[in-house]
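Asker: fold the following for me, if possible:
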Amino acid sequence: MTYLELLQVLQELVNRHGFLKSYSYGTIADINIEQGNNEVFPKLHTILQNVQTDGDTNFSYNVRFLAFDLDKQDDTLTERNISSAISNMQDIIKELKEQYDDITITNNIQMIPFQQEFTEYCSGVYADIILSVDPPNNPCDFPE
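Answerer: A predicted model of the protein is given here:
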């Protein structure tokens, strides 16, 4: 599975999810939370941390998942957002485990609550998840 195929899988999961309203990916700086920028919340954002391979049959993506919603500066929505984000993250993990035979989660997952001010204030949870997949097909072979 290529990285682009993994991103498509995650987009499909969010599209089918009953509570998550949007999906994005990229660096932490790519999270653009501004009034009027058409962002829809609650949101799932992923950041590729690294790729691990033995060059043969073992291949995995270490991905940071962030599930979050807009909060208020006085933190009145923090506990609600964190609670919802935990449920949303659990849904995504369950779907990845049960609906995709070609993806295996290979680590114990720890969800960490966060509050962050990007352009707007938000709160939720993040988790680093290692997704083992079949190595992407590479039609190029080195000459012998």
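
Asker: quick one: terminal-to-terminal distance for stretch 93-105?
Answerer: Length of stretch 93-105, first residue to last, CA to CA, to the nearest Å: 8 Å.

Asker: so what touches it?
Answerer: Stretch 93-105 is contacted by residues 1, 6, 9, 13, 16, 109, 129-134 when judged by CB atoms under 8 Å, 6 or more residues apart in numbering. Placement of C-beta: from N, CA and C, glycine included.

Asker: show me what contacts N88?
Answerer: 17, 19-20, 42, 44, 67.

Asker: of those, buried ones?
Answerer: Neighbour counting by 16 or more other CB atoms under 10 Å classes 17, 20, 42, 44, 67 among the contacts of N88 as buried.

Asker: give me the buried positions along the lengthiest helix in the chain.
Answerer: In the chain, assigned by DSSP state H, the helix with the most residues is helix 78-99. Neighbour counts over helix 78-99 (16+ other CB under 10 Å) mark 78, 81-82, 84-86, 88-89, 91-93, 95-96 as buried.

Asker: any weak-confidence spans in this protein?
Answerer: 32-39, 118-119, 138-144 (pLDDT under 70).

Asker: all helices for it, in order.
Answerer: Going by DSSP H, the chain shows helices at 3-16, 78-99.

Asker: now, which of the buried residues of helix 78-99 sits nearest G55?
Answerer: L96 (24.9 Å; CB to CB).

Asker: how far away is that closest one from V51?
Answerer: Distance from L96 to V51, counting by CB to CB, to the nearest Å: 17 Å.

Asker: just give me the neighbour total for the residue lying closest to L48 once chain neighbours are set aside.
Answerer: In space, L48 comes closest to V63 once its chain neighbours are excluded; the distance is 5.8 Å by CB to CB, 6 or more residues apart in numbering. By other CB atoms under 10 Å, 21 other residues sit near V63.
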